[in-house]
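> Pasting a predicted model and its sequence here:
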Amino acid sequence: MERLTPRGPPGHPHQREASTCWRLTVKVLEARGLGWADLLSEADPYVILQLPTAPGTKFKTKTVTNSSHPVWNETFTFLIQGEVKNILELTLYDEDTVTQDDAQFKVLYDVSEILPGRLLRKTFSLCAQGPEELDVEFLIEKMSDRPENLITNNVLVVTTFPTPVWEQEARRLREGPQNRHQGRGVGRLGGDGAFLAALGPEARELSRLDVHVVSTAVAADQDELELVLKGSYEDTQTSALGAASAFCFHYMAVQEAELSGCLRSSISSGWNSGSSAGHLTVPLRSLAMGKEVTIDVPATNASGVKLHLKAESCPEELAVHLGFDLCVEETAFLSRRKQVVAKALKQALQLDGELQEDEVPVIGIMATGGGARAMTSLYGHLLALQKLGLLDCVTYFSGISGSTWTMAHLYGDPEWSQKDLKGPISHVREHLAKSKLQAFSPECLASYHRELEQRAEQGHTTTFVDLWGLVLEFMLHGQVVDQKLSGQRAALERGQNPLPLYLSLSVKENNLQTLDFKEWVEFSPYEVGFLKYGAFVPPELFGSEFFMGRLMKRLPESRICFLEGIWSNIFSLNLLDAWYDLTSSGDTWRQHIRDKIRDLEVTPASSGTSSWPEALWMQPGTALAQTFKGFLTSRPLYQHSSNFLRGLQMHKDYCAQKDFTTWADCRPDSSPNQLTPQEPQLCLVDAGYFINTSCPAMFRPGRRLDLIISFDYSLSSPFEVLQQTELDFRARGLPFPRVEPSPEDRRQPRECHLFSDPACPDAPVLLHFPLVNASFKDHSAPGVRRGPAELSAGQIDLTGVTSPYSMFNMTYKEEDFDRLVQLSDYNVRSSQDTILQALRTVLKRRAPEARPPRVQT
């Protein structure tokens, strides 16, 4: 396990709680009315029980052959935490001797319905119209009076090190008899080792099992040892037997956790001798915390293989921070930036007095995606703001897809907004005009291969998206750019630039289209995290491996090009995504949002239902049906990043937390077993898969923007993306201004449109700049009409079939690049009066006399 640097990650306030563990006893009684059958007989049913919040614990009943009314009467126990959302999965299978066993049905049961100490019998209907039923009994009992220590933000929960009382008692027992006090009741538990063994596993904190292998004689065909600890971070480890070797497992200490292992032959691919010889199983509950135990490994042809086992708790600090408030670094930045913004506003608006910190409005630039078109246009928009002296009025700067290419390039220079932007623009112009065939030359391909190999050796998972990042880097810069996201903090040290916010979507890799499951992920120089879960890590640790909030394996921070590949990952689509893109319209999208709202209103979690059949999109079916579904929903060119939420669990009341429900918009949100903390890897894609906006970053608690400057690089419709954003955000309960362009503006959109909602004072004012060629075709500069010889320079084909600004074109002629930059620059500068009007409006809102009076207490 890695330790953090002395600086540590950004801080977030979170709650510490002490909560008791409980023993859940489940008795599977019987099933009735099983109509499905094999070819020549009735069903051969059995039940699998699994509780994801007790990782590594999975039970199976016996198989009852040839029966439509099987009786099991088998009992199983789980150790659970009451503050966690525990959803038990009961899956009914039909055993097949020839083919894979068929999963016939799955029931999800929220065990919070069970009252402590009271036996509860439940009958689950496996089908709404069918006769199939399953009878199960439940009992929950308190384990002990010693609680677990939990850290939670009321959405996610992580178990931490033992309570101080436990820690002191454990230390006292390990230090020896001279430090013991009488009358503690230790003897009743059978001695010190029994005390430790009894108390240790009752706490589900992260524990570490060290395994040292000593071999004095090994047969020639038994030269590997495989150890498995289900539910652990490592899961399975294999090592050649030598004079000595070592393993380490990190796991949640639960009642039924066990280490299993076997000697394997390098000659045969199966288990040793195909028998029980060489196999071992060690219940970890039997191990006394902090004490070494020696175990002989049974073997047929060899002896002298011993395992030295030692279990210890892991009190290391959390590397994942839980909280929805801004991190301390961003809060400090805001204070610095407000001084810069106050000075810029005073000059731009010709103010007489100085602005106090709480009078300074928060202004953000929101840029959409659009490939090289978005990148190029954004340079023009920023250049215009700089010319007008308004760039220093901006506090936040968000982008997705192609606009992130501009942002990443600019923030490589800590003083970029204070310098002439013509330098960076010339750099991009030069490389965008070059042929892109060189990016696929044998020399470049060999260079990509070497870097991907090095990346894999470091421990990163390499995918096609990483290759895309390297190709993109060469296309835009022609060389390796040794820049990292954490390095962009240098551009924020004095508040000299806006805070950059890059957005992506986390999606399911294999079983759902993007519209059915997507979660917003935000990247900044201070932290990377999920808006929905309130979980963040420093950018230096993004891509490293985590378990239960701890840093398990630190990997080198990725260069910025690999993140640009993620932010513009348009390759990890599945067939359903592609079909939607080809066939959908604005009305289709609006209906999708309405359907999602209706679905969420009737989810089991919100309706108070304690048990329900698993959702149809997850139900077992025939092999053919599952294959066809996988064909439609799998992402052949997936992206993989280590999941820093792995091992965290959902709080029992997570569905009632506003911070979570704000960003919850799909059926899996009501099924905690299907959410991202259960995934081993993240799959991140371009946010444009859902909606071409970077607006979610502006609505995080604590940012509270007064004015959003929207730079929209979509070509389909000047207002479509903004109206989609309004519909989506209002459905989430977020204050968004009314986007209601006039019929005239719809027919002939202007360079800039101002939207607001006087009825909702929390909604920001919005200045919208669609990518249009309105008055630019007749004017070379604001107020300067073109002469006859200049008219051709104003003719820019943005949407035609032969337009150079299509989404997938990465090569521009120099004159096409220049025209797009000039158009974007002109559209902003020609709207100076509208921008200043909006600034005065939000400044007036911030004035002391405009604020509502405080309630006297």
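The structure has been received and is ready for your questions. Residues are numbered from 1 along each chain as shown.
> so who does G370 touch?
S377, S401, G402, S403, N692, Y713, S714, L715, L771, M807 (CB atoms under 8 Å, 6 or more residues apart in numbering). (Each C-beta comes from the backbone N, C-alpha and C, glycine too.)
> Take those residues and lay them out in TSV including distance to Q479 and pLDDT.
Formatted as TSV, the contacts of G370 follow (distance: CB to CB, whole Å; pLDDT from 0 to 100):
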residue	distance to Q479	pLDDT
S377	25	98
S401	23	96
G402	20	96
S403	22	98
N692	30	92
Y713	26	96
S714	31	92
L715	31	88
L771	30	96
M807	26	88
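> Include neighbour count, secondary structure and distance to L839 when you put those residues into JSON lines, please.
Shown next, in JSON lines, are the contacts of G370 (neighbours: other CB atoms under 10 Å; DSSP: H, G, I helix; E, B strand; the rest coil; distance: CB to CB, whole Å):
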{"residue": "S377", "neighbour count": "28", "secondary structure": "helix", "distance to L839": "22"}
{"residue": "S401", "neighbour count": "29", "secondary structure": "coil", "distance to L839": "28"}
{"residue": "G402", "neighbour count": "27", "secondary structure": "helix", "distance to L839": "28"}
{"residue": "S403", "neighbour count": "30", "secondary structure": "helix", "distance to L839": "23"}
{"residue": "N692", "neighbour count": "23", "secondary structure": "coil", "distance to L839": "26"}
{"residue": "Y713", "neighbour count": "28", "secondary structure": "coil", "distance to L839": "23"}
{"residue": "S714", "neighbour count": "22", "secondary structure": "coil", "distance to L839": "26"}
{"residue": "L715", "neighbour count": "17", "secondary structure": "coil", "distance to L839": "29"}
{"residue": "L771", "neighbour count": "26", "secondary structure": "coil", "distance to L839": "23"}
{"residue": "M807", "neighbour count": "18", "secondary structure": "coil", "distance to L839": "33"}
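> and of the residues you listed, the nearest to E509?
Nearest to E509 among the contacts of G370, counting by CB to CB, is S401 at 20.2 Å.
> which one is the closest one nearest to, not counting chain neighbours?
Of all residues not flanking S401 in the chain, G369 sits nearest, at 2.5 Å (CB to CB, 6 or more residues apart in numbering).
> That neighbour in helix, strand or coil?
coil (DSSP: H, G, I helix; E, B strand; the rest coil).
> ok, it - contacts?
Here G369 is in contact with G399, I400, S401, G402, S403, S568, D686, A687, G688, N692, Y713 (CB under 8 Å, 6+ apart).
> tell me the phi and psi of the second one?
Phi and psi for I400, reported as degrees, to the nearest 10, are phi -130, psi 160.
> Pretty sure it sits against A687.
Yes. Applying CB atoms under 8 Å as the test, I400 and A687 come out as touching, 4.3 Å apart.
> Overlap of the contact sets of the two?
Contacts common to I400 and A687, judged by CB under 8 Å, 6+ apart, are G369, L503, S504, W567, T693, S694.
> Now flag whichever of those residues is closest to S447.
Among the shared contacts of I400 and A687, and counting by CB to CB, the member closest to S447 is W567, at 22.1 Å.
> how far away is the residue nearest to S401 from T811?
19 Å (CB to CB, to the nearest Å).
> Low-confidence bits of the stretch 351-500 of the chain, can you list those?
Within the stretch 351-500 of the chain, not a single segment meets pLDDT under 70.
> Going along the chain, name the helices of it.
Listed in chain order, the helices of the stretch 351-500 of the chain (DSSP state H, counting those that start in this stretch) span 371-387, 402-410, 422-432, 442-458, 464-477.
> what's the last one packed up against?
To tie it back to what came earlier, the one meant is helix 464-477. helix 402-410, helix 422-432, helix 442-458, helix 560-567 (3 or more CB pairs under 8 Å, 6 or more residues apart in numbering; DSSP states H and E).
> mind checking how far the longest one is from the chain centre?
The reference is to helix 442-458. 27 Å (CA atoms, centre = their mean, to the nearest Å).
> pLDDT wise, what is the nearest residue to C683 once chain neighbours are set aside at?
Of all residues beyond its chain neighbours, the one nearest C683 is E509 (4.3 Å), with distances taken as CB to CB, 6+ apart. On the pLDDT scale, E509 is placed at 76.
> Over to E509: give its phi and psi.
phi -70, psi -40.
> Give me the neighbour count for it.
Using other CB atoms under 10 Å, E509 has 17 other residues around it.
> ok, which stretches of the stretch 751-857 of the chain are helices?
Going by DSSP H, counting those that start in this stretch, the stretch 751-857 of the chain shows helices at 814-829, 832-846.
> CA atoms of stretch 347-358 as CSV?
Extracted in CSV, the C-alpha atoms of stretch 347-358 (Å, rounded to 0.1, in the frame of the first residue of the first chain):
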residue,chain,number,x,y,z
GLN,A,347,-11.6,49.1,-15.5
ALA,A,348,-14.1,47.6,-17.9
LEU,A,349,-17.2,49.2,-16.3
GLN,A,350,-15.4,52.4,-15.3
LEU,A,351,-16.4,52.0,-11.6
ASP,A,352,-15.6,54.7,-9.1
GLY,A,353,-15.0,52.6,-6.0
GLU,A,354,-13.4,49.4,-5.1
LEU,A,355,-15.4,46.2,-5.1
GLN,A,356,-15.5,44.1,-1.9
GLU,A,357,-14.8,40.4,-2.2
ASP,A,358,-18.5,39.4,-1.7
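> Contacts for that stretch, please.
335, 338-339, 342, 345-346, 388-390, 393, 836, 839-840, 843, 846.
> quick one: buried residues of it?
Neighbour counts over stretch 347-358 (16 or more other CB atoms under 10 Å) mark A348, L355 as buried.
> Same check on stretch 111-131?
V111, S112, I114, K122, F124, S125, L126.
> Which residue comes closest to P804 once chain neighbours are left out?
D816 (4.5 Å).
> Run a quick check on the one you found versus S806, I expect a contact.
No. Under the criterion of CB under 8 Å, D816 is not in contact with S806, lying 11.4 Å apart.
> So those two - more neighbours on which side?
D816 (19 against 16).
> Could you measure from that one over to I570?
Taken as CB to CB, the span from D816 to I570 is 22 Å.
> what separates stretch 675-691 from the chain centre, distance-wise?
6 Å.
> no no, stretch 211-231
37 Å.
> now swap in stretch 776-783 and tell me
For stretch 776-783, the distance to the chain centre is 46 Å (CA atoms, centre = their mean).
> Stretch 370-389 now?
With CA atoms, centre = their mean, you get 30 Å for stretch 370-389.
> With stretch 658-678 instead?
With CA atoms, centre = their mean, you get 11 Å for stretch 658-678.
> okay, how far is it across that stretch, tip to tip?
22 Å (CA to CA, to the nearest Å).
> Can you list the buried residues in that stretch?
659-678.
> Narrow those to those in helices?
Among those, the members falling in helices are D659, F660, T661 (criterion: DSSP state H).
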